[in-house]
Structure formats: C-alpha cells, structure tokens
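Asker: Quick one, structure for this:
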Amino acid sequence: MITLDSDRPSIVFDVLGTLVDQAGSLRRQTSAVTGWDEAASARVVRAWLTYVAKREREIIAGDTAFVPSHVLDAQALENLVANGMLPAEAVQPLTTAAQRLEPWPDTVEGLTRLAADATVAGLSNASRRVLTRLSESSGMRWHQVFSAEDADTYKPDPAIYRLALSVSPAGAPPPYLVAAHAWDLRAAAKAGLRTAYVPRPDGDPPAADDTFDLYAEDLLHLHAILRA
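Answerer: Model prediction:
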C-alpha cells in the first residue's frame, strides 16, 4: 500500500480503452494470427468483447460466480470457435492478447507527468495477471492498481469504485476517475468520485445531459488542466 499525501490530488484511471487501445490492439493481433483483413478481424473482436460484456453483467447480477478477465477471454475465444467465427488454432496465441494491448500515443508520457504531481492509480475490469503484464510491456506506471479481482465483481458495480475511494486520504477531496466511457464515469460519480472525461476512438462519449467535473483532450491536456 502506498503512503498517501493529502497535498497531492488523487487520480484513478480506467485502463481498457482509456489508457490502452483495447479493440484496435485485439483487431491487429487477430489479423496477425489469422491473416484476415481488418473488417473480418473487427467482426471477431466485436463478438469477443460482446461475449465478455455479457458475462460481466451476469456476474454483477449474481447469476454466475466471479471469474477474472483472462478466463472470460478464454471462454469468449472458445465460444467464437464453437460458432465458426474463429479457427481453433487461433485460440492459443490469442488467449494472452489482452496482455499485449498497446497504449495510446499520449498514455505513457501523460501518466509520467501526472505521477510527478499526483497520486496515480489504475482501476480496471482486467485481471491482476493482465494488468501486471500490461505494466511490464507498455511502460505504463502507477502508484497503485486495482483489479476487478480485488472486488470480485466488474464495473459498473458500485463495489469496485469503493476501492478507488481509498486512494485519497481521510479529509482530502475524492479522487478523479479518468475514463473514455461515459457509463463508467456515471457510475463513478454515483459512488462519490470526481470525474474526468478523455475521448478515445472506441470510447463511450457523453450524452447531452452528462455533466462531468473535467473534460480533457488527452492525458497531456489533463495534466495541464490540473496544474493550472
């Protein structure tokens, strides 16, 4: 556990889609494994992520026991094979694809700058195994990281956001959750976090009636806003 400094703001980042290009990375890895074009790989990835999201909702609802994200990915790939959407030989190399997701161009530098002035943490539906490998391979650095495994549930279950609240010391303002997904920020706000929206190509943009605390073009812009 890190030592918290009440004079430093606390910033908690969504990881999948916000810090790393989840869908694009999976498309590129699928194309490399199968030899298929981008459109064919994109169909596979959409089905893959749709399956994972459905299973996460079942876990949140209590309809099935919690399993970590790398298990859901393996199940999704087997489901794709069973439905004739993926050759069986592609499963093994793609099972660990989530561990090799590529950060967005501003991510590593943005996190480095922010970590110099703030307590920086991650809060992700990704498993501990995936987050560890991503940190090793991408150069992303944080003071602390929380996985869905730490709460035995997935976003947007309120329990996972309560983990993020522990990043700020007692008496300090609540941390910001930074995300490219408006649904994530809405749930975070209900749990008592401040919110910061950063757009990404495959994110969930705010609705007309959404009101978040901060809006930034990217992580470098977010750093500039917080230092102003």
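Asker: Need the single longest strand in the protein, by residues.
Answerer: Selection of the longest strand in the chain by residue count, based on DSSP state E, yields strand 119-124.
Asker: That one pairs with which strands?
Answerer: For strand 119-124, the paired strands and their directions (DSSP bridges) are strand 10-13 (parallel), strand 144-147 (parallel).
Asker: Name the residues that touch the last one?
Answerer: Okay, so that is strand 144-147. Residues external to strand 144-147 that are found in contact with it (Cβ atoms under 8 Å, 6 or more residues apart in numbering): 1-2, 12, 68, 119, 121-128, 131, 135, 160, 163-164, 167. Placement of C-beta: from N, CA and C, glycine included.
Asker: now with 7 Å?
Answerer: Counting by Cβ atoms under 7 Å, 6 or more residues apart in numbering, strand 144-147 makes contact with Ile2, Ala121, Gly122, Leu123, Ser124, Ala126, Ser127, Arg128, Leu131, Leu163, Ala164, Val167, all of which sit outside it.
Asker: can you name the two of those residues that are farthest apart?
Answerer: Taking Cβ to Cβ as the measure, the contacts of strand 144-147 reach their widest spread between Ile2 and Ser127, a distance of 21.0 Å.
Asker: Those two: which is more packed in?
Answerer: Neighbour totals were compared for Ile2 and Ser127, and Ser127 leads with 21 against 11 (other Cβ atoms under 10 Å).
Asker: Can you classify Arg8 by secondary structure?
Answerer: Reducing the assignment to helix, strand or coil with DSSP: H, G, I helix; E, B strand; the rest coil, the entry for Arg8 is coil.
Asker: could I have the longest strand of the chain exported to CSV, CA atoms only?
Answerer: Provided in CSV are the C-alpha atoms of strand 119-124 (Å, rounded to 0.1, in the frame of the first residue of the first chain):
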residue,chain,number,x,y,z
THR,A,119,-1.1,10.0,-6.8
VAL,A,120,-1.9,7.9,-9.8
ALA,A,121,-3.8,4.6,-9.7
GLY,A,122,-5.5,2.2,-12.1
LEU,A,123,-9.0,0.8,-11.7
SER,A,124,-9.8,-1.9,-14.2
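Asker: Name the residues that touch that strand?
Answerer: Contacts for strand 119-124 (Cβ under 7 Å, 6+ apart): 2, 4-5, 8, 10-16, 111, 114, 131, 142-148, 160, 163-164, 167, 177.
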